[in-house]
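J.: what follows is a predicted structure for the sequence shown.
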Amino acid sequence: MDFAQLHYQVEPLLLANVWDAASAHAAEAAGYAAIGTSSAAISDMLGYPDGEGMRFSELLDLTARLRTASRLPLTVDMEAGYGENAEAIVANLCRLAEMGVAGVNLEDSITRNGRREMVAAAAFSRRVREIRSGLLAGGVEMFLNARTDAYLLGMENACQESIARGRLYAAGGADGLFVPGVTDEADIAAIAADVPLPLNVMGMPGLPSFQSLARLGVKRISMGNFLYERMQQTLGQLLGAVKSAQSFQAVFDHAGH
(Lines give C-alpha, C1' and ligand atoms only; values in the text may rest on other atoms or scores of the structure.)
Protein backbone atom coordinates (compact mmCIF):
# COMPACT_ATOMS: atom_id res chain seq x y z
CA MET A 1 0.00 0.00 0.00
CA ASP A 2 1.49 3.34 -1.04
CA PHE A 3 1.39 6.53 1.03
CA ALA A 4 -1.69 7.98 -0.68
CA GLN A 5 -3.65 4.76 -0.17
CA LEU A 6 -2.97 4.94 3.58
CA HIS A 7 -5.40 7.89 3.65
CA TYR A 8 -8.35 5.79 2.45
CA GLN A 9 -8.55 3.12 5.14
CA VAL A 10 -11.32 2.61 7.68
CA GLU A 11 -8.91 3.44 10.51
CA PRO A 12 -7.11 6.80 10.25
CA LEU A 13 -3.42 6.81 9.43
CA LEU A 14 -1.58 7.56 12.67
CA LEU A 15 1.51 9.47 11.59
CA ALA A 16 4.59 9.50 13.81
CA ASN A 17 6.13 12.98 13.69
CA VAL A 18 9.92 12.73 13.95
CA TRP A 19 12.86 15.10 14.07
CA ASP A 20 16.01 12.97 13.82
CA ALA A 21 17.27 9.49 12.98
CA ALA A 22 16.71 8.20 16.52
CA SER A 23 13.03 9.22 16.57
CA ALA A 24 12.57 7.71 13.09
CA HIS A 25 14.10 4.44 14.31
CA ALA A 26 11.80 4.48 17.34
CA ALA A 27 8.70 5.05 15.21
CA GLU A 28 9.55 2.17 12.91
CA ALA A 29 10.29 -0.13 15.86
CA ALA A 30 6.93 0.80 17.40
CA GLY A 31 5.12 -0.35 14.27
CA TYR A 32 4.01 2.92 12.68
CA ALA A 33 3.07 2.78 9.00
CA ALA A 34 4.53 6.18 8.06
CA ILE A 35 6.54 9.06 9.49
CA GLY A 36 6.49 12.81 8.96
CA THR A 37 8.79 15.60 9.99
CA SER A 38 7.69 18.27 12.46
CA SER A 39 9.02 21.67 11.39
CA ALA A 40 8.57 23.08 14.89
CA ALA A 41 10.52 20.22 16.48
CA ILE A 42 13.33 20.36 13.92
CA SER A 43 13.59 24.14 14.15
CA ASP A 44 13.82 23.99 17.93
CA MET A 45 16.34 21.15 17.80
CA LEU A 46 18.56 23.22 15.48
CA GLY A 47 18.06 26.45 17.44
CA TYR A 48 15.84 28.28 14.95
CA PRO A 49 12.42 29.88 15.30
CA ASP A 50 9.58 28.04 13.61
CA GLY A 51 8.37 29.49 10.31
CA GLU A 52 11.17 28.66 7.84
CA GLY A 53 13.83 29.85 10.27
CA MET A 54 16.18 27.13 9.06
CA ARG A 55 17.64 26.95 5.56
CA PHE A 56 16.12 24.53 3.08
CA SER A 57 19.55 22.96 2.64
CA GLU A 58 19.49 22.00 6.32
CA LEU A 59 16.04 20.46 5.97
CA LEU A 60 17.30 18.59 2.92
CA ASP A 61 20.27 17.20 4.86
CA LEU A 62 18.05 16.07 7.71
CA THR A 63 15.61 14.48 5.26
CA ALA A 64 18.48 12.49 3.78
CA ARG A 65 19.36 11.19 7.23
CA LEU A 66 15.74 10.19 7.88
CA ARG A 67 15.55 8.31 4.59
CA THR A 68 18.71 6.45 5.57
CA ALA A 69 17.42 5.72 9.07
CA SER A 70 13.97 4.39 8.15
CA ARG A 71 12.28 2.52 5.32
CA LEU A 72 8.85 3.93 6.21
CA PRO A 73 7.04 6.32 3.85
CA LEU A 74 8.13 9.86 4.75
CA THR A 75 6.22 13.12 4.41
CA VAL A 76 8.08 16.38 4.97
CA ASP A 77 6.68 19.53 6.58
CA MET A 78 7.63 22.17 4.03
CA GLU A 79 5.90 25.06 5.83
CA ALA A 80 5.26 27.63 3.07
CA GLY A 81 7.51 25.78 0.61
CA TYR A 82 10.88 27.53 1.07
CA GLY A 83 10.39 29.41 -2.18
CA GLU A 84 9.15 32.79 -3.35
CA ASN A 85 7.11 31.32 -6.20
CA ALA A 86 5.63 28.04 -7.37
CA GLU A 87 8.58 27.31 -9.67
CA ALA A 88 11.04 27.50 -6.77
CA ILE A 89 8.81 25.35 -4.56
CA VAL A 90 8.43 22.73 -7.30
CA ALA A 91 12.22 22.60 -7.64
CA ASN A 92 12.46 21.97 -3.87
CA LEU A 93 9.82 19.24 -4.00
CA CYS A 94 11.56 17.56 -6.90
CA ARG A 95 14.74 17.35 -4.83
CA LEU A 96 12.75 15.70 -2.04
CA ALA A 97 11.14 13.31 -4.52
CA GLU A 98 14.59 12.25 -5.71
CA MET A 99 15.24 11.14 -2.12
CA GLY A 100 12.07 9.06 -2.08
CA VAL A 101 9.90 11.46 -0.06
CA ALA A 102 6.24 10.47 -0.48
CA GLY A 103 4.48 13.68 0.52
CA VAL A 104 4.69 17.18 1.91
CA ASN A 105 2.68 19.63 3.99
CA LEU A 106 2.20 23.12 2.57
CA GLU A 107 0.55 25.68 4.82
CA ASP A 108 -1.63 28.68 4.03
CA SER A 109 0.00 30.99 6.54
CA ILE A 110 3.37 32.70 6.50
CA THR A 111 5.54 34.22 9.20
CA ARG A 112 6.66 37.81 8.72
CA ASN A 113 8.73 39.58 11.36
CA GLY A 114 7.84 36.91 13.89
CA ARG A 115 4.11 37.17 13.23
CA ARG A 116 2.09 34.47 11.47
CA GLU A 117 -0.69 35.55 9.12
CA MET A 118 -3.03 33.85 6.68
CA VAL A 119 -2.49 33.90 2.92
CA ALA A 120 -5.59 34.75 0.88
CA ALA A 121 -7.47 31.54 0.11
CA ALA A 122 -7.68 32.11 -3.65
CA ALA A 123 -3.98 32.91 -3.85
CA PHE A 124 -3.02 29.76 -1.95
CA SER A 125 -5.30 27.65 -4.13
CA ARG A 126 -3.59 29.06 -7.22
CA ARG A 127 -0.22 28.25 -5.69
CA VAL A 128 -1.30 24.66 -5.07
CA ARG A 129 -2.54 24.39 -8.66
CA GLU A 130 0.75 25.74 -10.02
CA ILE A 131 2.74 23.35 -7.84
CA ARG A 132 0.65 20.39 -8.92
CA SER A 133 1.06 21.37 -12.58
CA GLY A 134 4.80 21.71 -12.12
CA LEU A 135 5.08 18.29 -10.50
CA LEU A 136 3.00 16.66 -13.21
CA ALA A 137 5.15 18.28 -15.89
CA GLY A 138 8.19 16.77 -14.23
CA GLY A 139 6.58 13.34 -13.82
CA VAL A 140 6.70 13.60 -10.03
CA GLU A 141 4.06 11.94 -7.87
CA MET A 142 3.80 13.46 -4.40
CA PHE A 143 1.00 13.67 -1.82
CA LEU A 144 0.23 17.37 -1.31
CA ASN A 145 -1.30 17.89 2.12
CA ALA A 146 -2.67 21.44 2.25
CA ARG A 147 -2.65 22.84 5.78
CA THR A 148 -5.04 25.58 6.79
CA ASP A 149 -4.31 27.52 9.98
CA ALA A 150 -7.76 28.99 10.62
CA TYR A 151 -7.98 27.31 14.04
CA LEU A 152 -4.36 27.86 15.03
CA LEU A 153 -4.71 31.58 14.36
CA GLY A 154 -8.06 31.83 16.14
CA MET A 155 -10.05 33.04 13.14
CA GLU A 156 -13.74 33.73 13.62
CA ASN A 157 -15.92 31.05 12.02
CA ALA A 158 -12.85 28.81 11.77
CA CYS A 159 -14.95 25.82 10.78
CA GLN A 160 -16.63 27.57 7.85
CA GLU A 161 -13.30 29.13 6.84
CA SER A 162 -11.59 25.73 6.87
CA ILE A 163 -14.37 24.20 4.75
CA ALA A 164 -14.28 27.03 2.21
CA ARG A 165 -10.50 26.88 1.99
CA GLY A 166 -10.50 23.08 1.83
CA ARG A 167 -12.82 23.10 -1.16
CA LEU A 168 -10.65 25.63 -2.94
CA TYR A 169 -7.50 23.65 -2.21
CA ALA A 170 -9.14 20.46 -3.46
CA ALA A 171 -10.02 22.24 -6.70
CA GLY A 172 -6.39 23.38 -6.91
CA GLY A 173 -5.11 19.79 -6.81
CA ALA A 174 -4.38 19.12 -3.14
CA ASP A 175 -4.52 15.48 -2.02
CA GLY A 176 -5.37 16.08 1.65
CA LEU A 177 -6.50 18.81 4.05
CA PHE A 178 -4.67 19.34 7.35
CA VAL A 179 -6.60 21.35 9.96
CA PRO A 180 -4.40 21.60 13.07
CA GLY A 181 -6.15 22.92 16.16
CA VAL A 182 -9.66 21.60 15.53
CA THR A 183 -10.97 19.47 18.41
CA ASP A 184 -14.75 19.95 18.43
CA GLU A 185 -16.54 16.83 17.20
CA ALA A 186 -19.20 18.74 15.29
CA ASP A 187 -16.58 20.84 13.52
CA ILE A 188 -14.49 17.78 12.64
CA ALA A 189 -17.52 15.97 11.23
CA ALA A 190 -18.57 19.01 9.20
CA ILE A 191 -15.13 19.50 7.66
CA ALA A 192 -14.76 15.80 6.87
CA ALA A 193 -18.21 15.73 5.23
CA ASP A 194 -17.99 18.99 3.29
CA VAL A 195 -14.44 18.87 1.90
CA PRO A 196 -13.66 16.21 -0.73
CA LEU A 197 -10.21 15.44 0.68
CA PRO A 198 -8.93 13.10 3.41
CA LEU A 199 -9.01 15.09 6.65
CA ASN A 200 -5.87 15.32 8.78
CA VAL A 201 -6.10 16.51 12.40
CA MET A 202 -3.39 17.03 15.01
CA GLY A 203 -3.00 15.82 18.58
CA MET A 204 -4.26 18.53 20.92
CA PRO A 205 -5.69 18.68 24.45
CA GLY A 206 -9.32 17.70 24.10
CA LEU A 207 -8.96 15.89 20.77
CA PRO A 208 -11.46 12.99 20.64
CA SER A 209 -10.26 9.39 20.83
CA PHE A 210 -8.93 7.76 17.70
CA GLN A 211 -12.06 5.60 17.50
CA SER A 212 -14.22 8.73 17.63
CA LEU A 213 -12.08 10.44 15.00
CA ALA A 214 -12.55 7.47 12.67
CA ARG A 215 -16.31 7.68 13.18
CA LEU A 216 -16.24 11.41 12.43
CA GLY A 217 -14.47 10.83 9.11
CA VAL A 218 -10.85 11.68 9.95
CA LYS A 219 -8.30 9.90 7.75
CA ARG A 220 -4.95 11.02 9.22
CA ILE A 221 -3.80 11.93 12.72
CA SER A 222 -0.57 13.87 13.28
CA MET A 223 1.38 14.52 16.47
CA GLY A 224 2.89 17.90 15.70
CA ASN A 225 5.79 18.73 17.99
CA PHE A 226 4.11 17.60 21.21
CA LEU A 227 6.12 14.38 21.69
CA TYR A 228 9.31 16.33 21.09
CA GLU A 229 8.28 18.95 23.67
CA ARG A 230 7.48 16.24 26.21
CA MET A 231 10.91 14.70 25.68
CA GLN A 232 12.55 18.08 26.19
CA GLN A 233 10.64 18.55 29.43
CA THR A 234 11.82 15.15 30.65
CA LEU A 235 15.39 15.98 29.66
CA GLY A 236 15.22 19.26 31.57
CA GLN A 237 13.88 17.49 34.65
CA LEU A 238 16.62 14.86 34.55
CA LEU A 239 19.37 17.40 34.05
CA GLY A 240 18.03 19.36 37.00
CA ALA A 241 17.78 16.24 39.15
CA VAL A 242 21.37 15.22 38.43
CA LYS A 243 22.67 18.66 39.31
CA SER A 244 20.62 19.13 42.47
CA ALA A 245 21.19 15.60 43.81
CA GLN A 246 24.84 15.50 42.72
CA SER A 247 24.07 11.95 41.61
CA PHE A 248 23.02 10.09 38.47
CA GLN A 249 20.48 8.03 40.42
CA ALA A 250 17.50 9.85 38.88
CA VAL A 251 18.71 8.88 35.40
CA PHE A 252 18.93 5.20 36.25
CA ASP A 253 15.68 5.25 38.18
CA HIS A 254 13.97 6.79 35.16
CA ALA A 255 15.49 4.22 32.79
CA GLY A 256 14.10 1.41 34.92
CA HIS A 257 10.47 2.51 34.55
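T.: Looks like it came in fine.

J.: for burial, what's the neighbour tally of residue 63?
T.: Residue 63 has 19 neighbours, counted by other Cβ atoms under 10 Å. All C-beta atoms are positioned from the backbone trio N, CA, C, and that covers glycine.

J.: surely it meets residue 102?
T.: No - using Cβ atoms under 8 Å, residue 63 makes no contact with residue 102, being 11.6 Å away.

J.: next up, the contacts around residue 67.
T.: Contacts for residue 67 were tallied using Cβ atoms under 8 Å, 6 or more residues apart in numbering; they are 74, 99-101.

J.: quick one on the thing from earlier: overlap of the contact sets of residue 63 and residue 102?
T.: residue 74.

J.: for the stretch 151-257 of the chain, give me the ranges with low pLDDT.
T.: Low-confidence segments of the stretch 151-257 of the chain (pLDDT under 70): 255-257.

J.: helices of that one, start to end?
T.: 158-172, 185-194, 210-216, 226-245, 249-255 (DSSP state H, counting those that start in this stretch).

J.: out of those helices, nearest to residue 109?
T.: Taking Cβ to Cβ, helix 158-172 is the member of the helices of the stretch 151-257 of the chain nearest to residue 109, at 10.9 Å.

J.: one step back: most neighbours per residue, which of the helices of the stretch 151-257 of the chain?
T.: Scoring the helices of the stretch 151-257 of the chain by mean neighbour count under mean count of other Cβ atoms under 10 Å gives helix 158-172 as the most buried, with a mean of 21.

J.: tell me what it is packed against?
T.: For helix 158-172, the elements it packs on are helix 121-137, strand 143-147, strand 176-178, helix 185-194, judged by 3 or more Cβ pairs under 8 Å, 6 or more residues apart in numbering; DSSP states H and E.

J.: and the longest one, what's buried?
T.: Of all the residues in helix 121-137, those buried under the rule 16 or more other Cβ atoms under 10 Å are 121, 124-125, 127-132, 134-135.

J.: in strands, which of the contacts of residue 67 appear?
T.: residue 74 (DSSP state E).

J.: could you identify the buried members of the contacts of residue 67?
T.: 74, 101.

J.: circling back to that earlier point, of all the helices and strands packed on helix 158-172, which one comes closest to residue 114?
T.: strand 143-147 (19.6 Å).

J.: what's the angle from the closest one to helix 158-172?
T.: 150 degrees (axes from the mean of the first three to the mean of the last three Cα atoms, to 10 degrees).

J.: can you tell me what sits against strand 143-147?
T.: Contacts for strand 143-147 (Cβ under 8 Å, 6+ apart): 3-4, 7, 75, 102-108, 124, 128, 131-132, 166, 169, 172-180, 197, 200, 220.
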